[in-house]
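Undergrad: the following comprises the amino acid sequence and a computationally predicted model.
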Amino acid sequence: MRRSQLQLLAALSCLVAVVVATFGIQARRELAVQDATEERATLEAQIDLARGLVGDVALSTAPAEELARLAERIAEAAGARVTLITRDGTVVADSFLPVARLAEVENHEARPEVRAALAGELGHDVRHSASVGRTLTYVALPVQAGDGIVRLAVEPTPGPLRVALGRWLRNAALVGLLLAVLLSLALSRLTARSVERMRQVATSVARGDLSQRVRRHLGDEFDPIAGAIDQMAEQLRLRLDEATHEKERLQAVLNGMVEGVLVVDTGGKIVLLNDHAREFFAIRGPVEGRSFLEVIRHAELDELVSRAAGTDEALSGEIQLGGASERVLRVHAVRFPPGSAARMGTVAVFHDVTALMRLEQVRRDFVANASHELRTPLTAIAGFAETLLGNRNLSEADRRSYLEVIDRHAQRLSHLVSDLLELSKIESRKVALEARAVDVAALAERLLQDYHERWAAKELQASVERRGQPVARGDAQAVEQILVNLVDNAIKYTEAGGSVVIRVEEEAGKVAVSVTDTGIGIPAADRERIFERFYRVDKARSRELGGTGLGLSIVKHLVQNQGGEISVESRPGRGSTFRFTLPRDAG
């Protein structure tokens with residue numbers, strides 16, 4: 001017998017059993033109530049007979065032997081157990097117990113039927129008797145003498161109808177189980193053909209033959225299942241096509257990632273290496289199936305991948321690649337799948353953090369430079385202040401000289417802090433820039449007039465060259481601050497007799513501004529860092545000229561915040577050209 005047939009047979013058998021048991025229990029309960037009612041009525045009729053047989057016998061004073069014989073006579077006449085009890089609850093005779101055992105019987109005053117009889121009423125109860133060890137039905141009445149009660153007890157017995165009902169229920173259960181077996185066999189045979197047909201198609205689909213279909217309607221409740229199998233086969237075909245396309249898309253995504261991806265199997269063979277990983281390690285040609293160490297000869301990476309293969313935790317580290325690029329890669333490696341499942345391989349993801357490392361170096365340099373720049377004036381101020389406080393014999397000239405040094409360094413410190421705050425606001429974009437039309441050439445000409453005494457004192461040739469009608473879209477105050485810093489630097493670092501030229505022109509929808517000088521120039525090694533905070537080419541000369549080292553950094557951020565770009569061209573000893581662009585005003 002198949003499992004489905006057994007399940008059907010079990011279900012039908014349980015149904016038969018539940019139905020028969022439910023109705024049987026209810027019927028037996030009703031019959032038991034009826035039997036108890038009839039039994040109680042019989043005992044109530046017999047208790048009157050027993051009371052008459054006791055007559056005027058005084059239960060509290062009559063001899064025990066006489067009372068025992070009286071109890072047995074009543075029991076024989078009534079067909080029930082007879083107990084004679086005095087008003088204080090003492091059992092003085094019992095048809096089921098010999099006289100010698102009456103002393104062992106506990107006091108019956110607390111029995112429900114005894115309490116009712118002592119109150120002058122008909123008492124009755126049903127409970128388990130500890131004396132005889134069975135469940136009994138009790139009925140009690142006071143005797144005519146008034147000094148005790150007589151009690152009858154019988155064991156509840158099922159009536160003939162209850163006995164017959166039990167026999168009928170057993171027969172019904174047997175017949176129901178037989179019918180369940182026959183019905184399950186019939187139903188299973190009816191469904192076996194349809195199930196077999198669907199099983200054959202499902203087996204073919206499971207083996208990879210996705211062209212098989214049930215196609216025919218079975219004409220029964222299995223039609224939805226047959227349709228589902230056909231739909232499943234069609235969906236599997238579609239999913240297979242999608243999986244193929246997804247694999248191709250995944251390969252395209254991996255190759256388009258900025259990160260490099262390396263996948264190796266449990267034997268250390270390369271399963272996948274995307275384009276960026278190939279670029280990082282300068283790998284050409286096919287690598288799938290080749291040994292990892294054969295393709296990528298890097299001891300630190302091999303050690304990291306090997307450790308990741310032996311743990312469920314994701315491991316990370318940094319490796320440095322030699323060559324002209326000198327790249328720094330952060331590597332994250334983890335085995336897959338994790339947990340207790342059998343390992344399939346290890347995947348490593350490479351992030352190029354070269355730029356981040358450079359930024360970190362810039363940050364460290366900024367902290368060091370800022371500390372140095374702040375410490376220099378503070379040291380001078382503290383030193384001269386200590387001298388003034390500790391030496392009261394200084395001449396007025398020396399005292400004034402020291403105070404001038406303190407004032408000069410305090411001014412320098414104030415300028416330094418002001419520039420730092422200004423740069424911080426600009427970098428965080430907390431400075432509100434009001435975009436409007438700005439005539440940069442006119443602004444430059446006015447600035448040269450303001451600086452006339454400075455460049456004239458050094459016998460410099462300063463001029464503004466305008467080409468076209470270059471009107472920019474930007475914040476006038478910010479543009480002026482940019483020009484002030486660039487022109488101030490040009491005047492500071494240009495020797496006497498040199499020249500400073502400001503050119504303003506239109507260029508591809510933008511306004512291009514350049515400040516060219518014939519000063520000391522900037523070495524090639526310093527040009528990439530010239531816009532960093534506190535970075536100076538000639539530190540001693542910069543401090544002597546009163547610079548804070550923050551001007552060009554402020555210039556760069558102001559230009560970028562207005563949507564422009566800035567660059568520098570320079571040759572040592574020949575001069576420098578700082579060039580920046582701003583959006584052109586469309587009006």
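TA: Perfect, thanks for sending it. Numbers count the residues shown, from 1 in each chain.
Undergrad: any weak-confidence spans in the stretch 151-300 of the chain?
TA: For the stretch 151-300 of the chain, the stretches flagged by pLDDT under 70 are 157-166, 169, 180, 184-194, 196, 215-222, 256.
Undergrad: in stretch 326-346, what counts as buried?
TA: Within stretch 326-346, the residues that count as buried by 16 or more other CB atoms under 10 Å are 327-335, 345-346. C-betas here are computed from N, CA, C, even on glycine.
Undergrad: kindly indicate which of those residues lies nearest residue 315.
TA: residue 333 (5.2 Å; CB to CB).
Undergrad: can you tell me the element the closest residue to the closest one other than its chain neighbours falls in?
TA: Spatially, and ignoring its direct neighbours in sequence, residue 333 is nearest to residue 308 (3.7 Å; CB to CB, 6 or more residues apart in numbering). Residue 308 is part of helix 299-309, with elements assigned from DSSP states H and E.
Undergrad: start and end of stretch 262-278, how far apart?
TA: Start-to-end span of stretch 262-278 (CA to CA, to the nearest Å) is 9 Å.
Undergrad: an error on my part: the question was meant for stretch 260-270.
TA: For stretch 260-270, the end-to-end distance is 14 Å (CA to CA).
Undergrad: buried stuff in it?
TA: Those would be 260-264, 268-270, for stretch 260-270 by 16+ other CB under 10 Å.
Undergrad: distance of residue 565 from residue 512?
TA: Using CB to CB, to the nearest Å, we find residue 565 at a distance of 10 Å from residue 512.
Undergrad: tell me which residues touch the closest residue in space to residue 579 that isn't next to it in sequence, please.
TA: Leaving aside its sequence neighbours, residue 579 sits nearest to residue 514 (CB to CB, 6+ apart; 4.2 Å). With contacts defined as CB atoms under 8 Å, 6 or more residues apart in numbering, residue 514 is in contact with 502-503, 577-580.
Undergrad: among those, name the ones in strands.
TA: Assignment to strands by DSSP state E places the following of the contacts of residue 514 there: 502-503, 577-580.
Undergrad: specify the beta-bridge partners of residue 461.
TA: Per DSSP bridges, the residues bridged to residue 461 are residue 499.
Undergrad: ok now do it, which residues does it touch?
TA: 498-500.
Undergrad: can you give me the buried ones in stretch 346-365?
TA: Quick answer for stretch 346-365 (16+ other CB under 10 Å): 346-352.
Undergrad: stretch 225-244 now?
TA: Neighbour-count burial for stretch 225-244, counted by 16+ other CB under 10 Å, picks out 225-226, 229-230, 233.
Undergrad: of residue 565 and residue 512, who's got more company?
TA: Counted by other CB atoms under 10 Å, residue 565 and residue 512 do not tie: residue 512 has more neighbours, with 21 against 13.
Undergrad: my read: the more buried one touches residue 502, true?
TA: No: with contacts counted by CB atoms under 8 Å, residue 512 stays clear of residue 502, the gap being 11.5 Å.
Undergrad: can you say which helix or strand has residue 437 in it?
TA: For residue 437, the host element (DSSP H and E) is strand 436-439.
Undergrad: partners of that strand, with directions?
TA: With DSSP bridges as the test, strand 436-439 pairs up with strand 471-474 (antiparallel).
Undergrad: following the strand it pairs with, which helix or strand comes up?
TA: helix 476-492.
Undergrad: please export the C-alpha coordinates of that following helix as PDB.
TA: Presented in PDB, the C-alpha positions along helix 476-492 are these (Å, rounded to 0.1, in the frame of the first residue of the first chain):
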ATOM      1  CA  ALA A 476      31.900  90.400  -6.000                       C
ATOM      2  CA  GLN A 477      33.400  90.300  -2.500                       C
ATOM      3  CA  ALA A 478      34.700  86.700  -3.100                       C
ATOM      4  CA  VAL A 479      36.200  87.600  -6.500                       C
ATOM      5  CA  GLU A 480      37.800  90.600  -4.900                       C
ATOM      6  CA  GLN A 481      39.300  88.500  -2.100                       C
ATOM      7  CA  ILE A 482      40.700  86.100  -4.700                       C
ATOM      8  CA  LEU A 483      42.400  88.900  -6.600                       C
ATOM      9  CA  VAL A 484      43.700  90.500  -3.400                       C
ATOM     10  CA  ASN A 485      45.500  87.300  -2.400                       C
ATOM     11  CA  LEU A 486      46.900  86.600  -5.900                       C
ATOM     12  CA  VAL A 487      48.000  90.200  -6.500                       C
ATOM     13  CA  ASP A 488      49.500  90.500  -2.900                       C
ATOM     14  CA  ASN A 489      51.500  87.300  -3.500                       C
ATOM     15  CA  ALA A 490      52.700  88.500  -6.900                       C
ATOM     16  CA  ILE A 491      53.900  91.800  -5.400                       C
ATOM     17  CA  LYS A 492      55.600  90.100  -2.400                       C
END
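Undergrad: list the helices and strands that helix packs on?
TA: Secondary-structure packing of helix 476-492 (3 or more CB pairs under 8 Å, 6 or more residues apart in numbering; DSSP states H and E): strand 436-439, helix 440-450, strand 499-507, strand 510-517, helix 551-561, strand 575-583.
Undergrad: try it again at 6 Å.
TA: helix 440-450, strand 510-517, helix 551-561 (3 or more CB pairs under 6 Å, 6 or more residues apart in numbering; DSSP states H and E).
Undergrad: and after the last one, which helix or strand comes next?
TA: Going back to what we said before, that points to helix 551-561. The helix or strand immediately downstream of helix 551-561 is strand 566-571, counting by DSSP H and E.
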